[in-house]
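Asks: I need the structure of the sequence given here:
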Amino acid sequence: MDKGRFVIGGFSAGGTIALRYTELCLELPENYPIEPIGVFVVDSPIDVFCLWEGFEETIKNNNSEIAVQEAEYVTDLLASRYGVPRENSSVYAKMNPFSMNTEYGEKNEVHLKNIAVRTYHDVDIAWRLQNRFQSAKNQNFIATSELIKRLLILGNEQAEFIQTLGTGYRSDGQRHPHSWSIIDEAECVEWVKSILGK
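Replies: Numbers count the residues shown, from 1 in each chain. Modelled structure (predicted):
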C-alpha cells in the first residue's frame with residue numbers, strides 16, 4: 001500500500017473528523033498508517049468553540065424549535081463526553097481541527113499547508129434567515145473561509161473554498177443547504193483523480 005495516495009473527506013461532523021485526522025497523520029506520521037495528500041469537508045463545523053458559542057446563542061434566543069433541538073442535542077452530547085469548551089479548552093483544542101480564536105487553538109491548520117484542501121458550502125443566507133432565524137454569523141462557512149484564507153497566506157495554492165447557492169437538497173427532496181448534494185460528484189471525483197495523478 002502506498003500510504004501517500006489518500007484523499008479523505010466527509011460531510012458535517014464527518015468532515016470535521018476527517019480534517020483533524022488528516023492533520024494528525026501529517027503531524028505525527030509515525031503514529032498513523034497514511035499520509036493524506038488531500039482532504040475535503042462538506043459544510044463541516046470545523047471550529048468546535050465557535051459551534052458551541054453559536055449553539056448557546058441559538059438556545060438563548062429560542063427563535064426556531066428545530067434549531068434549538070439540534071443545539072441542545074449537540075451541546076448535551078459534547079458536554080457529557082468532554083465538558084464545556086471554555087472550562088476544558090485544552091481538551092477541545094486537541095480535537096479541534098481549526099480555531100478562529102488563536103487563543104483557543106493550537107494552529108493545527110499549519111499541517112495542511114502542503115496538501116490539497118477543499119471546503120464545500122451552499123451559502124444560502126436567505127434560507128437560514130427564513131427557516132432558522134439565523135444570520136451568517138454562526139454558519140459553518142465562516143470558519144472554513146478563515147481556514148482557507150490562512151492556508152493561502154501560508155502559500156498553499158491548493159486551498160479552495162467551493163461556494164454554491166441553492167444546491168442543497170436532502171434525499172427526500174427537501175431543500176436544506178446542509179446536505180451532501182452541494183457537491184458536484186463528478187467534478188469532485190475528477191479533483192481527487194487529479195491529486196492522485198490519474
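Asks: And for the nearest residue to Q158 once chain neighbours are set aside, the neighbour number?
Replies: Using CB to CB, 6 or more residues apart in numbering and skipping the chain neighbours, the partner closest in space to Q158 is A116 (4.0 Å). Bear in mind the C-beta positions are built from the backbone N, C-alpha and C, glycine included. A total of 20 residues lie near A116 under the criterion other CB atoms under 10 Å.
Asks: for A116, what are its contacts?
Replies: Contacts for A116 (CB atoms under 8 Å, 6 or more residues apart in numbering) come out as V7, I37, G38, V39, Q158, A159, E160, W191, I195.
Asks: is it in a bridge, and if so with what?
Replies: Under the criterion DSSP bridges, A116 forms beta bridges with G38.
Asks: pLDDT score for it?
Replies: Model confidence at A116, given as pLDDT, is 98.
Asks: any idea how far F11 is from it?
Replies: 18 Å (CB to CB, to the nearest Å).
Asks: max-length helix in this structure?
Replies: The single longest helix within the chain, with elements called by DSSP state H, is helix 65-82.
Asks: which is the next helix or strand following that helix?
Replies: helix 89-95 (DSSP states H and E).
Asks: name the helices or strands packed onto that next one?
Replies: Contacts defined by 3 or more CB pairs under 8 Å, 6 or more residues apart in numbering; DSSP states H and E place helix 89-95 against helix 48-61, helix 65-82.
Asks: Which one of the contacts of A116 sits in the busiest neighbourhood?
Replies: V39 (26 neighbours).
Asks: nearest spatial neighbour of T16, skipping sequence neighbours?
Replies: S44 (4.7 Å).
Asks: The one you found contacts G9, correct?
Replies: No - using CB atoms under 8 Å, S44 is not in contact with G9; the gap is 9.0 Å.
Asks: Those two: who's more crowded?
Replies: S44 (29 against 23).
Asks: For the strand or helix carrying L19, enumerate the helices and strands it packs against.
Replies: L19 belongs to helix 13-27 when elements are defined using DSSP H and E. Packing partners of helix 13-27 (3+ CB pairs under 8 Å, 6+ apart): strand 7-11, strand 38-42.
Asks: which stretches of the chain aren't confidently modelled?
Replies: Scanning the chain for pLDDT under 70 picks out 105-106, 198.
Asks: And the residue nearest the centre of it, how close does it get to Q139?
Replies: Centroid-nearest residue in the chain, with CA atoms, centre = their mean: S44, separated by 2.8 Å. From S44 across to Q139, the span is 11 Å (CB to CB).
Asks: Good, wrapping up.
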